[in-house]
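Asker: model this:
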Amino acid sequence: PSYREFFPLSSIEATVAGCLLVLPDRWGGEAIWGSDAAYVSPDDPAAIRQAIEERIGLPKRTRDEVEPYRFQYSWPRVAERILSTYHMALR
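Answerer: Residues are numbered from 1 along each chain as shown. Okay, the predicted model is just below:
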């Protein structure tokens with residue numbers, strides 16, 4: 001887990017691959033992943049280890065479970081949002 005992220009591409013890629021996530025509790029990942037991830041302090045190695053160990057034996061997420069992430073955060077969809085934001089800023 002890192003201290004700061006704007007948009008963690010590696011986490012989206014891991015999600016779409018079906019991986020279970022352990023993310024830092026610092027930068028608002030809850031807004032994207034909600035209860036689909038565990039959140040830990042990057043300063044707490046014991047909590048990081050525990051969260052990882054709790055997920056090791058769990059099954060990967062199914063394609064149906066990750067489809068909303070695949071749709072919501074595809075490059076074309078993200079590019080649309082960025083372009084829309086620039087248009088709003090220019091108005």
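Asker: so for whichever strand or helix holds residue 46, what gets flagged as buried?
Answerer: According to DSSP states H and E, residue 46 maps onto helix 45-56. By neighbour count with 16 or more other Cβ atoms under 10 Å, helix 45-56 contains the buried residues 47, 48, 51. C-beta here means a position set from N, CA and C on the backbone, and glycine is covered the same way.
Asker: what of stretch 24-41?
Answerer: Judged by neighbour count using 16+ other Cβ under 10 Å, the buried positions of stretch 24-41 are 24, 25, 26, 27, 29, 32, 33, 36, 37, 38, 39, 40.
Asker: and the residues you listed, which is closest to residue 83?
Answerer: Using Cβ to Cβ, residue 32 is the member of these that lies nearest residue 83, at 20.1 Å.
Asker: what is the three-state secondary structure of that closest one?
Answerer: helix (DSSP: H, G, I helix; E, B strand; the rest coil).
Asker: kindly report the same for residue 4.
Answerer: coil.
Asker: what about it, distance to residue 27?
Answerer: When distance is defined by Cβ to Cβ, to the nearest Å, residue 4 is 6 Å away from residue 27.
Asker: check this protein and tell me which residue is nearest its centre.
Answerer: In the chain, the residue lying closest to the centroid (Cα atoms, centre = their mean) is residue 11, at 4.5 Å.
Asker: quick check, pLDDT for that residue.
Answerer: The per-residue pLDDT reported for residue 11 equals 90.
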